[in-house]
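>>> build me a model:
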Amino acid sequence: MSVALSKPKSSRGLLWLIVGGVVVVLIVVVGIGVRASESRDLKTWTDAQALPSVTLIKPVVIAQGPVLNLPGRMEAYSRASIFARVNGYLKSWNVDIGTRVKAGQVLAEIDTPELDQQLLQARATLASTQADANLAQTTAKRWQAMLSTDSVSRQDVDERTGDLTAKQAKVAAAKANVDQLVATKGFQRLVAPFAGVVTARSTDVGALISAGGTAGKELFAVADVSRLRVYVQVPQTFSPQIREGTTARLSVPEYRGETFTGKVIATADAVNAASGSTLVQLLVDNPGGRLLPGGYTSVQFDLPVQADVVRVPSSALVFDDKGMRVATLDAQDHVRFKTVSIARDFGDSVEIASGLQAADRVIDTPPDGLADDDAVQLAAAPVEIKPHG
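Residues are numbered from 1 along each chain as shown. Now for the predicted structure:
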């Protein structure tokens, strides 16, 4: 009996031993698998952390051309300084500053006593020479008649004929002198050379008038302000885009929120060496006289859209010994640096004139040490920047 009972106990012990061994083996296998998985995860995480993390941006395609804002000055379409052509005293004036005048309208009249006396003397001289010429003509005819009867010599007749010619020349000279003084007398009336407005009056009744005044001493100034000329200095970079016929918007401080339309009528076609700009002349209608000649104006040109120009943030630019570059990603997420040129700098963003396409994936704020063919990981979806306001 004792032998029979000991065998089952030995079988159960062996069974538990086997089960325990299997459990131990399973625990070891599971532990090794967990360790291997954790090792793989750690390696993957470590490899991922080793790649630089970058943020992509989408370049903005420029749909509307830039606006060029420049200061300008307005001048009257025509301006004339009225000077005296005769000496005398101002007898009267008929217009003051701000008066609108027509072409040929009398502005003032000068009293010319000295010129009047000269004209009287010249006319008297003309009358005297005409009398002498008439007498010489009668004498010459008589001597010519006597020549046919051989009463006088040919020499005497020629002398009388020569005297007539000399007397007639004196008449012509005296008449020319009278005509000159009459023409000068006509300048005693100062008239407007064209329709416009009187912008200056620097004389008064009784003032001594001297002929041939110098600049700045004019008696009156008349300006045609129905149209104004606007002069603008355009930087050399933009001068090829602003030609005759280009329109512009003008604004002045006295009419805030209101704009006027001007058109380019002439360009200097030369660059000022001192300022690096080209002088451009515009014409703006001024029917109501609201715009004042000599005033300041802000001129805005709508420039045409430049082909292949895109805009990116300034933070995307990399400047090193290889020049101005932008970091992009290719289809395999490898870095590709591209050399670019800047068209315009807005501070927070720049317009790229060449070297970059709208479809390129641009890296914003590239990490230091980034080089061509480097692999990177994306931190977020590409961001599209807003156009510059």
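
>>> where does this protein have its least confident helix or strand?
Ranking every helix and strand in the chain by mean pLDDT, DSSP states H and E puts helix 2-50 at the bottom, with a mean of 64.

>>> outline the domain layout of this structure.
Per automatic domain parsing, the domain ranges recorded for the chain read 53-63+307-384, 81-191.

>>> where does the nearest residue to L292 once chain neighbours are set aside land in three-state SS?
The shortest distance from L292 to any non-neighbouring residue, by CB to CB, 6 or more residues apart in numbering, is to M74 (7.0 Å). Yep, even glycine has a C-beta here, placed from its N, CA and C like the rest. Counting by DSSP: H, G, I helix; E, B strand; the rest coil, the backbone at M74 sits in strand.

>>> mind checking the end-to-end distance for stretch 73-89?
One end of stretch 73-89 to the other measures 37 Å (CA to CA, to the nearest Å).

>>> now it: buried residues?
By neighbour count with 16 or more other CB atoms under 10 Å, stretch 73-89 contains the buried residues 73-88.

>>> which one among those gets closest to A127?
Nearest to A127 out of the buried residues of stretch 73-89 is V86 (CB to CB; 23.7 Å).

>>> isn't there a helix covering that closest one?
No - counting by three-state DSSP, V86 falls outside a helix, being coil.

>>> contact partners for it?
I110, T112, L115, T184, K185, F187, Q188, I209, A211 (CB atoms under 8 Å, 6 or more residues apart in numbering).

>>> the last one and V101, how far apart?
It refers to A211. 23 Å (CB to CB, to the nearest Å).

>>> okay, these two: which has more neighbours?
The residue with more neighbours, out of A211 and V101, is V101; 20 against 15, by other CB atoms under 10 Å.

>>> quick one: contacts for that one?
By CB under 8 Å, 6+ apart, V101 lies in contact with V95, L107, A192, A195, G196, V197, V198, V222.

>>> any idea how far Y77 is from it?
15 Å.

>>> ok, now E244?
Plainly put, E244 is 17 Å away from Y77 if you go by CB to CB.

>>> likewise for E114?
For E114, the distance to Y77 - CB to CB - is 38 Å.

>>> of all the residues in stretch 274-287, which ones are buried?
In stretch 274-287, counting by 16+ other CB under 10 Å, buried: S277, T278, L279, V280, Q281, L282, V284, N286.

>>> so which strand or helix has L119?
Here L119, judged by DSSP states H and E, is contained in helix 113-147.

>>> which residues does stretch 60-69 contact?
The contact list for stretch 60-69, computed with CB under 8 Å, 6+ apart, reads 234, 238, 242, 298-306, 309-312, 344, 351, 358, 384-387.
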